[in-house]
Structure formats: C-alpha cells, structure tokens
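> Could you look at this predicted model? Sequence included:
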Amino acid sequence: MAQSTHRRQDSTKADAHTLFHRVVHPVLHPVDSIGDSLRKADRRHTVALRLVGWALVIGILSGLVVGFFRWSITKMMLGLHSIYHFAAAGHWWVLILIALVSVGLSIAVSWMVVSEPASSGSGIPYVEARLRSHDPIDFNWWGILWRKIVGGLCAFSTGAFLGREGPSVQIASCIGMGLSSASHITRRHRKDLVAAGAAAGLAGAFTAPIAGTLFVMEEVYARFSLQTAVCSFVAALASSAVEVEIFGLEPVFQLPHTLKLQLIDYWQLILVAIVIGVIAKVYERTLLRGIDFFSWLHIPGAFRPLIPFLLMIPVGVWAPDLLGGGNTLVTRIGSQQMGVGLLTVYFLVRLVLSQLSYGCGVPGGIFLPILTLGSLVGALFAQLFVLMGASKGSLQYVSLMAIVGMAGLFGAVTKAPLTAIILVSEMTSYSELLPLGVVTLIAYLVYDLAGGKPIYDELGAYRSPVAHSLFAKEGSTNGRK
C-alpha cells in the first residue's frame, strides 16, 4: 500500500514537472524557449556530413556496378541481334541452339529465385516494403545482390521484354544496405542509405539523377525527409557521373528535335491522354493476370521462364528490334516512319510478351517496357492524326507524341506523375514541360477514376510468381515479393 502511494506521488511530481517546462517555463523564460525551438528547427534542416559522405560512396559504387549491368545488357542485345540476323540469312540450325540454351537458362534463373525469392521480379516492391516498414531494416543484401545481377543477365540474354531499372534499384539498395551494415550506424540512417542506393540505382540505369531522387521520395519511400532527400540526391548525382564516364552524354532515347505544338492543337494531347489512362488500367490488370497465368498452368518452376524465353525466338527472327526493354524500338520510332498497322501489332506483341516475361518471376523490371508501350501509343495516335489531316506526318511530330506517350503511361501506372515528367525529360533531353504535364496529369486522373492503384504497391501486395521448388508442379506462393 505504501509502495503504491509512493508511485502515485512520483507520477504526480513528474506530471507537474512536465507541465512546468511546457507551460510555465516558456512564460517566465521566453528567450530560452525560443532558443530551444530554433535549435530543434535547425536540426531538422541539417544533414550530417558523415551521412553525405556515405551517400557519395554508395553512389559511386552503385554507378560502377549498375554501369557494368547496363553495359553487359547493351552488349548482349547487340550480340543477340547479330545472332538472329545470322539465323534469318538461312542458318536455321542456330534457332535450335538458342532453344537449348534457353532451357539451361530457364533452369539456372529459376534456381536462383527459388533459393532467394527476394531476387525475383522487379525488386522495387521489395525495397519499398523494407523502407516503409516501421521495423528496423535488414535483409540478405549479398544473396540478393549477386543473384539479381547474374539472374538478370541470364534473363536479358534471351531478349525477354524486361527493364533494367528495377534490378538496378534493388542492386544499388543492396549496396546501400551492405555499407550501412559495415558502418554500424543507426536504423534511421540505414534506411536513409538504402534509399540513397535506390536513387543511385535508378539514376544509373537511365543517367537521370533528378528523376532517381524524385522516384524515391514520391514512390519508393513515399515520404519526404530533408536528410533522405539530400542523401538520395548526392548518391544519384555520383551514380550518374559514373554513367556519363562510361556511356557519354547522349540521352538514353535519341530522338530528333520535336515539333512545338500550338495551344490550339492541344486537343490532340488531351485525346491521347484519355486513351493512355484507359490503357494504363488495362496494363495493370494484364500484368497481374500474367502472374496468375503461370499458376493456372501448374508447371514446374524450372520451366516457367522457358515459355517467354522460347517465345522470343520467333520475335527475334521477325523483328529483332522488339527484343529487350525497348531502347532500340523507341529510337527507331523517332528515326523512321511506321504505319498504323505495324505500330498496332508492335504494341500488342509488346503488351502480351511483357506481361509474360514479368509474370514468370525472373529478375527484371517494368519501367522500360511501360515507357516503350507509351511511345508506341503516342506514335500510333500521331499517325492517326496525320491520316485525319490534323497534322503533318513529320518525324518531329511523331517524336513529340511518342515522348508524351511515355510520360503519360508511366505517370499513370505508377501514380508518380512528377517522376514521370522529369524522367522522360532527362532520358530524351526534351525540355518542353507543358505537353508532358498536360498528358501525364490527364492520364493520371483517368487511371485514378478507373480505380487504378500504384503498380508497385499492387505488386508488393500480390502473390509472388516464385515457385517453392524447381521441379514440383505447383501454383504461385501467396507471400509478398
């Protein structure tokens, strides 16, 4: 009884002490109170130099690793084009060899993702879940890192319709995790450095430092912190500087100078944006159905990737420029005229095979496939407007529509419109932000009205495409990616 009384007395004293410092002290000592408030505000607007130094190191290392990943994919795609041109010249036995190699690659990649499920798919939903969690961040960074690189290169070597950006974000996030673990800094700083790695990964994949930083703030981390923003920007700049040294100053998509559209012709952009918003919803549903497709088949995990891998063979013989993420195709859109029929076929082939390539669970992203689909939609409408007599069929006009199509579809599907505008601007060196803003905003609103959700949030909450074992017949697991 006496102990309970003492505890109540101590609690009352503590409450009185707190009340004094919060209410009475500021009145009696206003100068001290203002000084305390200013010091707290100053800390909120200050970033530790040690943290900036670590972000710089992460950016440089990420730039080197992602640069190697990007360079390897570029060389493999060039080699793949040569192989298919060689086969199309009458050496059809090469296709049998490609099919046999695809079987081996399917088994190898499946083993990697079964042994470490976090290495499958894009990797961005995985990074998002770790950064947004209230728990201390920790994951098997080395196991994910090497599997993402090796498995990703194996998948890309087949010409699968996958993007390098998702793996690049996860690879660089693993580098951030590895370095933050080595330095024994706090949990909050660890998340800052993993976020910095994510920004460095996207910046390195596309040489787009501002978009890399915005993407982390707008989509991956989904909250703004000055410390996180500065660390991410430093890492993104460092990574982009490394990529410039490797790949030069040329933009990722080399399109000709675009036409400046008059305001009276902006109805064309509005119409394109509305259609893109609808297509964004179609893309969302078909991507998830692509994951379900492999569950419905009930085939062993080792042979799931074999389906899209083998489907790449006839595509490679017919149109090698369609293979991969889509860089070559987008550049081709801006350099030669294509008819409505061909653009429509290209769009449908890219849509179906992109969803199957991602749905089988191999390491690979959806950024570039989305941008490529957007450029095809924009170019298709450009040709339709030309047929209607609404515009002249110049390559500059087609390039403009392709650029706004990229921004519109990506901004809608990811629900990250600011990132989409800046990313496309950095990737194409296109500086007219008004057309980009109009199309991206309207496409975003249409997608939102249709009930669309951010695609990476959807993938993070959806069933994983990774099988439990290599050779057992089973459906997809229900765990998160």
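The structure has been received and is ready for your questions. Numbers count the residues shown, from 1 in each chain.

> So Ile421 sits against Leu434, correct?
No - contact criterion Cβ atoms under 8 Å: Ile421 and Leu434 do not qualify, at 10.2 Å. From N, CA and C alone the C-beta is placed, and that goes for glycine too.

> Can you pull the residues that touch both of those two?
The overlap between the contact sets of Ile421 and Leu434 (Cβ atoms under 8 Å, 6 or more residues apart in numbering) is empty.

> and those two? which has more neighbours close in?
Using other Cβ atoms under 10 Å as the criterion, Ile421 and Leu434 rank with Ile421 on top: 25 against 12.

> need the contact list for that one.
So Ile421 contacts 407, 411, 433, 436-437, 440 (Cβ under 8 Å, 6+ apart).

> Please pick the buried ones from those.
Buried members of these, counted by 16 or more other Cβ atoms under 10 Å: 407, 411, 436-437, 440.

> May I see those residues arranged in TSV, with secondary structure and pLDDT as well?
What follows is those, written out as TSV (DSSP: H, G, I helix; E, B strand; the rest coil; pLDDT from 0 to 100):
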residue	secondary structure	pLDDT
Ala407	helix	97
Gly411	helix	97
Leu436	helix	95
Gly437	helix	96
Thr440	helix	97
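
> which of the residues you listed lies closest to Ala172?
The shortest approach to Ala172 among the buried ones among the contacts of Ile421 belongs to Gly411, at 22.8 Å (Cβ to Cβ).

> so that closest one touches Val438, yeah?
No - Gly411 is beyond contact range of Val438, at 11.3 Å (criterion: Cβ under 8 Å).

> What's the mean pLDDT across stretch 131-138?
The predicted model gives stretch 131-138 an average pLDDT of 88.

> Can you point out the buried residues in the host helix or strand of Ile276?
Element membership of Ile276, judged by DSSP states H and E, is helix 266-297. Of the residues in helix 266-297, 268-269, 272-277, 279-281, 283-284, 286-288, 290-291, 293-295 count as buried by neighbour count, 16+ other Cβ under 10 Å.

> what does stretch 60-72 give?
So for stretch 60-72, counting by 16+ other Cβ under 10 Å, buried means 60-67, 69-70, 72.

> closest to His257 among those?
Arg70 (26.0 Å).

> where's the closest one relative to Gly364, distance?
Arg70 is 13 Å from Gly364, where distance means Cβ to Cβ, to the nearest Å.

> any common contacting residues for those two?
Residues touching both Arg70 and Gly364 (Cβ under 8 Å, 6+ apart): Arg164.

> picking that back up, need the buried ones among the contacts of Ile421 in a markdown table (columns: distance to Gly212).
Shown next, in a markdown table, are the buried ones among the contacts of Ile421 (distance: Cβ to Cβ, whole Å):
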| residue | distance to Gly212 |
| --- | --- |
| Ala407 | 16 |
| Gly411 | 16 |
| Leu436 | 18 |
| Gly437 | 20 |
| Thr440 | 18 |
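
> Return the member of those residues nearest to Arg50.
Gly411 (35.9 Å).

> Give me the pLDDT for the closest residue in space to that closest one that isn't next to it in sequence.
Residue nearest to Gly411 in three dimensions, not counting chain neighbours: Ala420, with 3.2 Å by Cβ to Cβ, 6 or more residues apart in numbering. Here, the pLDDT recorded for Ala420 equals 95.

> got the contact list for Leu288?
Contacts for Leu288 (Cβ under 8 Å, 6+ apart) come out as 458, 462.

> sec struct for the closest residue to Val252 other than its chain neighbours, please.
In space, and not counting its chain neighbours, Val252 is closest to Met427: 4.5 Å by Cβ to Cβ, 6+ apart. With DSSP: H, G, I helix; E, B strand; the rest coil as the basis, Met427 sits in helix.

> in stretch 94-111, what's buried?
Judged by neighbour count (16+ other Cβ under 10 Å), stretch 94-111 contains these buried residues: 94-95, 98, 102, 105-107, 109-110.

> before we move on, back to that, which two of the contacts of Ile421 have the greatest separation?
Across those, the longest distance by Cβ to Cβ is 12.6 Å; it joins Gly411 and Leu433.

> residues touching the closest residue to Ala280 other than its chain neighbours, list them.
Nearest residue to Ala280 in three dimensions, chain neighbours excluded: Ala412, at 3.8 Å (Cβ to Cβ, 6+ apart). Contacts for Ala412 (Cβ under 8 Å, 6+ apart) come out as 276-277, 280, 440, 443-444, 446-447, 452.

> The same query, at a cut-off of 7 Å, please.
Ala412 makes contacts with 276-277, 280, 443-444, 447, 452, as judged by Cβ atoms under 7 Å, 6 or more residues apart in numbering.

> just to revisit the earlier point, how close does the residue nearest to Val252 get to Gln227?
The gap separating Met427 from Gln227 is 28 Å, by Cβ to Cβ.

> Counting neighbours around each, name which of the two comes out higher.
Met427 (24 against 20).

> was I right about that one contacting Ala205?
No - look at Met427 against Ala205 with Cβ atoms under 7 Å: they stay out of range, at 10.0 Å.

> Could you pull out the buried residues of stretch 441-448?
Residues of stretch 441-448 classed as buried: 441-444, 446-447 (neighbour count, 16+ other Cβ under 10 Å).

> tell me the mean pLDDT over that stretch?
For stretch 441-448, mean pLDDT rounds to 98.

> just for the stretch 151-300 of the chain, where's the confidence low?
Within the stretch 151-300 of the chain, the set of residues satisfying pLDDT under 70 comprises 183-188.

> Tell me how far the longest helix along the chain lies from the chain's centre.
When the chain is parsed with DSSP state H, its longest helix is helix 49-88. Distance of helix 49-88 from the chain centroid (Cα atoms, centre = their mean, to the nearest Å) equals 15 Å.
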